[in-house]
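coords please:
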Amino acid sequence: MRTVPNAIFRTKPLRRRRGWSFWLLLATIIVLVSGYTWYRLELLPVSIDGTDHEFEVKSGQRAPDVATSLKAAGLIRDRNAFLTYVNFHGLRGHLEAGLYSISPSQSSPDIAGVLASGKVDAHRLTIPEGTRLSDIERLAAAQGITKADFDAALAAHHDESFLSSKPAGVSLEGYLFPDSYDITVNTTASTLVETMLQTFGKRVGPEYVQAFSAEGLSLHQALTVASIVEKEVNRPEDRPIVAQIFLKRLRENTMLGSDVTVHYAADLLGVPFNLDLNSPYNTRKFVGLPPGPICSPGLSALDAVAHPANTDYSYFLTGKDGKTYFAHTYAEHQANIAKYLN
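The predicted structure is shown next:
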């Protein structure tokens, strides 16, 4: 007689549990369907505008950063939806660096496929300020331009008017302007060198030539001084003072005394650094300017030579802390050496 109430009593929690299970399952299905619907919608194109936009995937850039950039450029609807697609389809580590033409009328799957295809419109060649000609050649080689072709392009005749003050037999060191250049399948060594020379002509215009002339310098001489300033000091605020010191030494017909020119001379000769190197680039041994620039200076160094500081400093050094220390006398300079280099 007692078993009947117990059986009735036990069936009520089972019904409640079955009821909760049903609603939990239903809620889960709704969430999943809603999430999938949102995901599919967010993969759709941003608009019907078919205009192509240049988009760059930088070397070493991670997928989340690429997604952020695509969203900021208005090329995808949602960053997380794009990343979900990329991760699910195994494309996360396969977004190739380069320049692409992408339209907001393309879906996220289409864009991901383009970026993973490696079929770029162009690769971007970036030449940092202070880069030497040999390093530019190496960077170009990484983009498929051979050393032989690059050397031939450098040796070819160039009729840019700003080259008129460059002595015969002196290389184009310093004249290939440090900037970013697009390398396409049609880019040859000749077109690249010409583009870099043309960029120099645009960026270093008549106003610079006039300013250099006011300092008693030809464009080639000023470019040479600027290249030394570029290598000697990193801080833009120190460069006009260093330029003034070098220009003062030139006027006084004393040695420039720059170690960075000795490093350049040693590299040209393929020998270790030596202050006694018998090279016209050794300004620790020979008076006056070296034959030409020792790197491609940026506008900061060129500005410093065009508009040197008005101080009575005669010496400078870069300390172990990376800061530049100036001195009026040789005794002060020696004290700075003892304090900041030893």
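
any idea how far residue 68 is from residue 103?
Residue 68 sits 19 Å away from residue 103, going by CB to CB, to the nearest Å. For every residue, glycine as well, the C-beta is placed using N, CA and C.

over to residue 197?
Here the criterion is CB to CB. By it, residue 197 lies 34 Å from residue 103.

centre-most residue in this protein?
Residue closest to the average C-alpha location in the chain (CA atoms, centre = their mean): residue 126, at 5.1 Å.

more neighbours, residue 68 and residue 103?
A count of neighbours by other CB atoms under 10 Å puts residue 103 above the other of residue 68 and residue 103, at 19 against 15.

what sits against the more buried one?
Residue 103 sits next to 49-53, 75 when contact means CB atoms under 8 Å, 6 or more residues apart in numbering.

please redo it, this time with the cut-off set to 6 Å
Residues in contact with residue 103 (CB atoms under 6 Å, 6 or more residues apart in numbering) are 50, 52.

how about residue 282?
Residue 282 neighbours (CB under 6 Å, 6+ apart): 262, 265.

please repeat the previous calculation with a cut-off of 7 Å.
261-262, 265 (CB atoms under 7 Å, 6 or more residues apart in numbering).

for residue 254, same thing?
Counted by CB under 7 Å, 6+ apart, residue 254 has contacts residue 287.

before we move on, the earlier item: with adjacent residues omitted, what lies nearest to the residue nearest to the centre of the chain?
Excluding the flanking residues, the one nearest residue 126 by CB to CB, 6 or more residues apart in numbering is residue 180, at 4.7 Å.

what of residue 247?
Residue 247's closest residue in space is residue 308 (CB to CB, 6+ apart), at 5.7 Å.

tell me how far the residue nearest to residue 126 lies from residue 296.
Distance from residue 180 to residue 296, by CB to CB: 13 Å.

neighbour count winner among those two?
Counted by other CB under 10 Å, residue 180 and residue 296 do not tie: residue 296 has more neighbours, with 29 against 11.

who's that one bridged to?
residue 131 (DSSP bridges).

give the contact list for it.
Counting by CB under 7 Å, 6+ apart, residue 296 makes contact with 127, 129-131, 174, 176-178.

save those residues as CSV, and put in secondary structure too.
Putting the contacts of residue 296 into CSV (DSSP: H, G, I helix; E, B strand; the rest coil) gives the following:
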residue, secondary structure
127, coil
129, coil
130, coil
131, strand
174, coil
176, coil
177, coil
178, coil
